[in-house]
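Chemist: I need the structure of the sequence given here:
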Amino acid sequence: MTGDHSSKQYDMDLETIRSRVLQMGGLVENQFQDAIKSFRTGDTGLAQQVIKGDEQVNRLEVVLDDTCNHLIVKRQPAANDLRMVMSTVKVITDLERIGDEAVKIARVAANSHERTGSLVNQSEFVRGLAERAAELLHEALDAFARRDEKQATKLIAKDAVIDHEYSIIMRSLITFMMEDPRTISVALDTMWVAKAIERIGDHAKNIAEYVVYVVEGKDIRHTDYVATKLEQ
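Modeler: From the prediction side, this is the model:
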């Protein structure tokens with residue numbers, strides 16, 4: 001097919017895909033928020049909802065992947081159009097993995113209600129980390145929706161803050177376990193949750209990197225692009 005790739009129908013197809021991706025993004029944001037809430041409050045019912053809701057996210061991933069593949073075959077996009085479609089496929093994958101991480105948190109929450117009298121305040125350990133990861137995810141989706149590479153560049157740098165805070169949490173929990181073996185079980189659960197949150201931050205950073213790739217045509221993974229940009 002040699003039609004004009006900037007046709008109205010093609011633009012409509014791309015916009016439909018983008019809207020569905022943002023719908024998927026909204027679902028995983030809610031999954032993450034509900035998972036953290038269930039971990040904080042011990043609401044096992046809410047945790048089970050998060051686990052069950054992952055089925056919808058998985059279905060969306062399959063449908064959107066198929067839609068993107070059909071679009072490539074039908075429209076044969078090139079240059080920026082092809083970058084947009086390929087990056088969208090990668091965003092879909094990262095969103096599905098964020099959903100998986102939220103499910104991990106929910107599963108910990110569903111099991112933690114069995115433990116009483118914990119010597120470790122689990123939710124307080126990860127509260128700030130969760131807030132920063134949720135903010136990064138929301139802003140990354142916003143940058144994707146608006147193709148805002150400047151915002152995306154700033155967001156990529158924010159992931160380093162999450163990584164640093166995650167390291168502090170891990171060291172603190174290790175200290176708790178060494179000083180009092182009674183905290184080991186709960187501390188390990190908290191570590192598992194903290195790692196899931198840190199991974200969500202990584203996936204949100206990936207989405208921001210795809211925005212830069214779409215707009216500027218540069219693959220900035222594993223480069224010092226962000227540091228260079230922020231110094232300018």
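
Chemist: Wait, I184 touches L173, no?
Modeler: No: applying CB atoms under 8 Å, one finds I184 not in contact with L173, separated by 9.6 Å. For the C-beta atoms, the positions are set from N, CA and C on the backbone; glycine is no exception.

Chemist: Who has more neighbours out of those two?
Modeler: Between I184 and L173, counting by other CB atoms under 10 Å, L173 is the more crowded of the two (22 against 14).

Chemist: Pull out the buried residues from the strand or helix carrying the more buried one.
Modeler: Per DSSP states H and E: L173 is located in helix 149-179. Buried positions in helix 149-179, judged by neighbour count with 16 or more other CB atoms under 10 Å: 149, 151-156, 158-159, 162, 165-166, 169-170, 173, 176-177.

Chemist: for P77, helix, strand, or coil?
Modeler: coil (DSSP: H, G, I helix; E, B strand; the rest coil).

Chemist: What are the neighbouring residues in contact with it?
Modeler: P77 makes contact with H5, Y10, L71, M84, V85, according to CB atoms under 8 Å, 6 or more residues apart in numbering.

Chemist: Among those, which one lies nearest to S123?
Modeler: Nearest to S123, judged by CB to CB, of the contacts of P77 is M84 at 39.3 Å.

Chemist: tell me the mean pLDDT over the helix holding L173?
Modeler: For helix 149-179, the mean per-residue pLDDT is 93.

Chemist: same deal with stretch 204-222?
Modeler: In the prediction, stretch 204-222 has an average pLDDT of 88.

Chemist: re the thing from before, so which of the contacts of P77 comes closest to V211?
Modeler: The closest of the contacts of P77, once distances to V211 are taken by CB to CB, is M84, at 10.3 Å.

Chemist: Phi, psi for the closest one please.
Modeler: Torsion angles at M84 (phi, psi; degrees, to the nearest 10) stand at phi -60, psi -50.

Chemist: Name the nearest residue to it, sequence neighbours excluded.
Modeler: V214 (5.3 Å; CB to CB, 6 or more residues apart in numbering).

Chemist: The one you found is in what secondary structure piece?
Modeler: helix 184-216.

Chemist: okay, the angle between that helix and helix 149-179?
Modeler: 170 degrees (axes from the mean of the first three to the mean of the last three CA atoms, to 10 degrees).

Chemist: which of the residues in helix 184-216 are buried?
Modeler: Buried-residue list, helix 184-216, by 16+ other CB under 10 Å: 186-187, 189-191, 193-215.

Chemist: Hmm, D100 and A35 touching each other?
Modeler: No: between A35 and D100 there is no contact under CB under 8 Å: 10.9 Å.
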